[in-house]
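Visitor: Coordinates for the following, if possible.
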Amino acid sequence: VRNKAAPMTPPVCLPLLDRFEPLSDVLEVMAERDDLVEDVALRLTTMVSEVARAKMRRLYDIPEQTVLLSAEAEAGSLVALVRKTKPDRMEALVRSMRKAGKLSDIFLLRAARERLSDFLPAAIAERTGRPVEAVAKILSRGSSKEVASLLREARVTPSIYEEFWHALSASRLSAFRDPWSTK
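Guide: As a prediction, the model looks like this:
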C-alpha cells in the first residue's frame, strides 16, 4: 500500500480491503493514497469509519450516541469525495454509492444543503430511473409540487420534503446574481 508505483485499482485494492478490514493501520495508510478510484475510496471511507467507531467503543467504552457523530463524520467524508469527483465521473460515483447503500434520504438532503449541483440530479436520477437532465431541470426550475413528486418517485421519506425544498430554494436563490451589484 505504501508503494507509490503500485496501482490502486479495484483488482488490487478490493482484496486488500477484504483481507485487512479489521486492521485500521492498513486502512489508514490506504486512505492516505491520492490515486484511489471512486469505488475503492467510497468503500474505504465506510470501512475506516466503521473500524474507528468499533475501536473507540471497545477501547474507551464510548456509548452508542457516538454512532450519530461518526455517521456525521462519514457524511462529511462523502461530501468531500463528491466535491473532488469530476463531473464526467459523477454518475459512476453515484452508482457506487447506491451499491454501498450510501444514497440515503438524509444524504440527499445533505447534498441539497451543501449545493452539490452535479451530484444531486445524478443521485435522484439513479433512484428514479429518469434521465439526469430531466431531474436537473425539475430541481433547478420545478415548482414545490414537481419537486415533491420527484422525491416521492425517488422514495424519499415525506417528512424531509419541506427541508429539502428549503435547501433547494436557497441554492436556487444563490444562483442568481444581483443585477445592481458592482462586483
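
Visitor: Low-confidence ranges, the chain, go.
Guide: Along the chain, the parts satisfying pLDDT under 70 run over 46-73, 173-183.

Visitor: please redo it, this time with the cut-off set to 90
Guide: 1-89, 92-93, 95-111, 113-117, 140-142, 157-163, 167-183 (pLDDT under 90).

Visitor: Quick check, central residue of it?
Guide: Central residue of the chain (C-alpha atoms, centre = their mean): residue 78, 4.0 Å from the mean position.

Visitor: tell me the contacts of that residue?
Guide: With contacts defined as C-beta atoms under 8 Å, 6 or more residues apart in numbering, residue 78 is in contact with 42, 45, 97, 102, 107. (C-beta placed from N, C-alpha, C; glycine too.)

Visitor: By neighbours, which of those wins?
Guide: Most neighbours among the contacts of residue 78, by other C-beta atoms under 10 Å: residue 97, with 24 neighbours.

Visitor: how about residue 91, what does it touch?
Guide: Going by C-beta under 8 Å, 6+ apart, residue 91 touches 122, 126, 132.

Visitor: list the contacts for the residue nearest to residue 83 when sequence neighbours are not counted?
Guide: Leaving aside its chain neighbours, residue 83 sits nearest to residue 116 (7.2 Å; criterion: C-beta to C-beta, 6 or more residues apart in numbering). Residues in contact with residue 116 (C-beta under 8 Å, 6+ apart) are 79, 82-83.
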